[in-house]
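Undergrad: No sequence on hand, only this structure:
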């Protein structure tokens, strides 16, 4: 069975500061990993994904994440936070990108301080 | 140009009633999903259909019955609603081929009085 743990249910950073949201996964097969963002009263929007190949993946809105197999981690970073980044962020794992189910972490609420 | 659309966006009803949520996608995907997000924001898959065939059925009460009339539509019918059914229900779609990730609708917020 697959699982995801997001360390920190709430992260608060100042505008312009580094954003780091932590995600660790457990999977018995090579994982496909995703970060989704959810703005208030909206659905989930894909930020970035890792399937195979390059372990550093870049996504939308300046976010990136690095797949580290040895650490079973897929942390999300952004060099400089903007007020518009305030949202709920979800890390998810699946064993394929197609018809398999996504297993989500519990989410991390990101707050940006002016 | 909405990709995955759900109706209604909000649903308020009383315990014991039967209600349906509809989902449509115009992305040409062959697989659709229902997820439940509880009050603590935790997301869990409920069902998945591929070309109108049920392929994922998690531990969900049989009061919940998905129906897929065609691969662009996946509806969720809930019988005898209970207080614990209050949640946000998300529909999603993806393609088995072409390495496409899942695309989500905006959700249906179900409140049971």
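TA: Good, I have the coordinates. Owing to the predicted nature of the structure, the values given are computational and were not obtained by experimental measurement.
Undergrad: close to chain A, is whatever helix or strand residue B:33 lives in?
TA: Following DSSP states H and E, one finds residue B:33 within strand B:31-37. Yes. Interface with chain A: strand B:31-37 contributes B:31, B:33, B:35 (CB under 8 Å from any CB of the partner chain). C-beta: built from backbone N, CA, C; applies to glycine.
Undergrad: need those residues in TSV with neighbour count and pLDDT, can you?
TA: Putting those into TSV (neighbours: other CB atoms under 10 Å in any protein chain shown; pLDDT from 0 to 100) gives the following:
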residue	neighbour count	pLDDT
B:31	24	90
B:33	26	94
B:35	26	95
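Undergrad: low pLDDT regions in chain B?
TA: Within chain B, the stretches with pLDDT under 70 are B:1, B:98-99.
Undergrad: related to what we said a few turns ago, for the residues of strand B:31-37 next to chain A, which one is nearest chain A?
TA: Lowest distance from chain A to the residues of strand B:31-37 next to chain A (CB to the nearest CB) belongs to residue B:31, with 4.7 Å.
Undergrad: So in terms of bridging, what pairs with the closest one?
TA: Taking DSSP bridges as the rule, residue B:31 bridges to residue B:50, residue B:94.
Undergrad: re the thing from before, measure how far the strand holding residue B:33 is from the centre of its chain, please.
TA: Distance of strand B:31-37 from the chain centroid (CA atoms, centre = their mean, to the nearest Å) equals 5 Å.
Undergrad: neighbouring contacts of it?
TA: Residues outside strand B:31-37 that contact it (CB atoms under 8 Å, 6 or more residues apart in numbering or on different chains) are A:98-99, A:101-102, B:23, B:25, B:43-51, B:55-56, B:66, B:68, B:71, B:73-74, B:76, B:87-96, B:102, B:104, B:107.
Undergrad: and chain B, which of its residues are near chain A?
TA: Within chain B, the positions near chain A by CB under 8 Å from any CB are B:4, B:31, B:33, B:35, B:40-45, B:48, B:50, B:55-56, B:58, B:90, B:92, B:94-97, B:99-107.
Undergrad: Appreciated, that's everything.
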